[in-house]
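In: fold the following for me, if possible:
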Amino acid sequence: MQKPINVRFSFLLILLFHFLTVKAQSDSLWYNSIIEWQQEINREYADSISSPLKPEALKNFNGLQFFPPNNEFFVKSTLTLTPDAKPFIMKTSGKKTPTYVQYGVFSFKLKGQEFFLSAYKRVEILTSDEYADYLFIPFYDLTNGNETYEGGRYLDCKIQGDNQYFLDFNKAYNPYCAYNNKYSCPIPPDENFLNIRIEAGVM
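Out: Purely as a prediction, here's the structure:
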């Protein structure tokens with residue numbers, strides 16, 4: 001027996017309300033996680049022990065500038081592993097010569113365009129190190145030299161058991177050498193240039 005139209009309509013409204021409620025809760029959790037990350041990095045920069053800031057800048061530090069959280073830059077991506085990649089010395093802003101190896105390549109879509117970003121692991125990091133399970137993703141985009149640091153920005157990503165990841169550019173941050181030239185910071189390889197404005201993360 002066919003359900004009356006008003007019953008089916010009510011059922012669809014309930015489903016829609018449930019979907020919107022779950023989405024709102026999910027968006028709220030994501031938004032709060034970005035605010036918490038911003039607060040954490042500000043605490044780090046305000047601490048004289050962990051801060052990369054010069055003493056005069058630290059004295060007047062009131063917090064970093066961020067783009068407003070934007071879930072458009074929270075993107076689903078696929079990681080293709082590159083197990084045969086050869087280690088190489090990544091260029092830096094100073095005299096250090098760290099050795100990295102490409103772990104894989106992320107592919108994702110942003111504003112209708114497809115992009116690729118190489119993810120690296122530092123060869124010198126031992127398995128016992130705190131960041132042994134993390135990938136390093138340095139990148140350039142079209143905001144560099146204007147709203148963001150001209151030398152590019154960084155993302156970190158923890159290695160997972162599958163190849164489906166979420167990259168959140170709202171957590172993109174500047175290298176320490178953006179604030180203090182005593183640091184020697186990795187320079188993003190040319191292959192990690194994104195021909196788009198990433199209006200997310202630290203400005």
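In: next, the buried residues of the strand ranked longest in the chain.
Out: With secondary structure taken from DSSP state E, the chain has its longest strand at strand 99-110. Residues of strand 99-110 classed as buried: 100, 102-106, 108, 110 (neighbour count, 16 or more other CB atoms under 10 Å). Backbone N, C-alpha and C define where each C-beta goes, glycine included.
In: what of stretch 60-80?
Out: 64, 66-67, 69, 73-75, 77, 79.
In: what of stretch 88-95?
Out: Those would be 90, 92-93, for stretch 88-95 by 16+ other CB under 10 Å.
In: list the beta-bridge partners for the residue nearest to Gln164 when sequence neighbours are not counted.
Out: Spatial nearest neighbour of Gln164, excluding adjacent residues (CB to CB, 6 or more residues apart in numbering): Thr78 at 6.3 Å. In this structure, Thr78 bridges to Ser107, Gln164 when assessed by DSSP bridges.
In: in contact with Thr78, which residues?
Out: 106-108, 163-165 (CB atoms under 8 Å, 6 or more residues apart in numbering).
In: re the thing from before, now the buried residues of strand 99-110 in CSV, with distance to Leu53?
Out: As requested, the buried residues of strand 99-110 are exported to CSV (distance: CB to CB, whole Å):
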residue, distance to Leu53
Tyr100, 26
Gln102, 32
Tyr103, 31
Gly104, 33
Val105, 34
Phe106, 31
Phe108, 33
Leu110, 31
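In: turn the residues you listed into CSV, including pLDDT and distance to Ser33.
Out: CSV is the format used below for the buried residues of strand 99-110 (pLDDT from 0 to 100; distance: CB to CB, whole Å):
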residue, pLDDT, distance to Ser33
Tyr100, 96, 28
Gln102, 98, 28
Tyr103, 97, 24
Gly104, 98, 24
Val105, 98, 26
Phe106, 98, 20
Phe108, 98, 19
Leu110, 97, 20
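In: now, which of these sits nearest Ser184?
Out: Closest approach to Ser184 among the buried residues of strand 99-110 (CB to CB): Tyr100, at 13.9 Å.
In: wait, that closest one sits on Pro87?
Out: Yes: assessed by CB atoms under 8 Å, Tyr100 is found in contact with Pro87 at 6.9 Å.
In: now the common contact residues for these two.
Out: Joint contacts of Tyr100 and Pro87 (CB under 8 Å, 6+ apart) are Val123.
In: just to revisit the earlier point, contacting residues around the longest strand of the chain?
Out: Contacts for strand 99-110 (CB under 8 Å, 6+ apart): 72-73, 75-82, 85-90, 114-124, 135-137, 159, 165, 167, 186, 196.
In: how far out from the middle of the chain is the helix or strand following that strand?
Out: On the C-terminal side of strand 99-110, the closest following helix or strand by DSSP states H and E is strand 113-122. On the basis of CA atoms, centre = their mean, to the nearest Å, strand 113-122 sits 11 Å off its chain's mean C-alpha point.
In: can you check stretch 88-100 too?
Out: 21 Å.
In: follow-up on the earlier one: now for the contacts of Thr78, which pair is the farthest apart?
Out: Top of the distance list for those (CB to CB): Phe108 and Asn163, 12.1 Å.
In: of the buried residues of strand 99-110, closest to Tyr176?
Out: Closest to Tyr176, out of all of the buried residues of strand 99-110 and judged by CB to CB, is Tyr100, at 17.2 Å.
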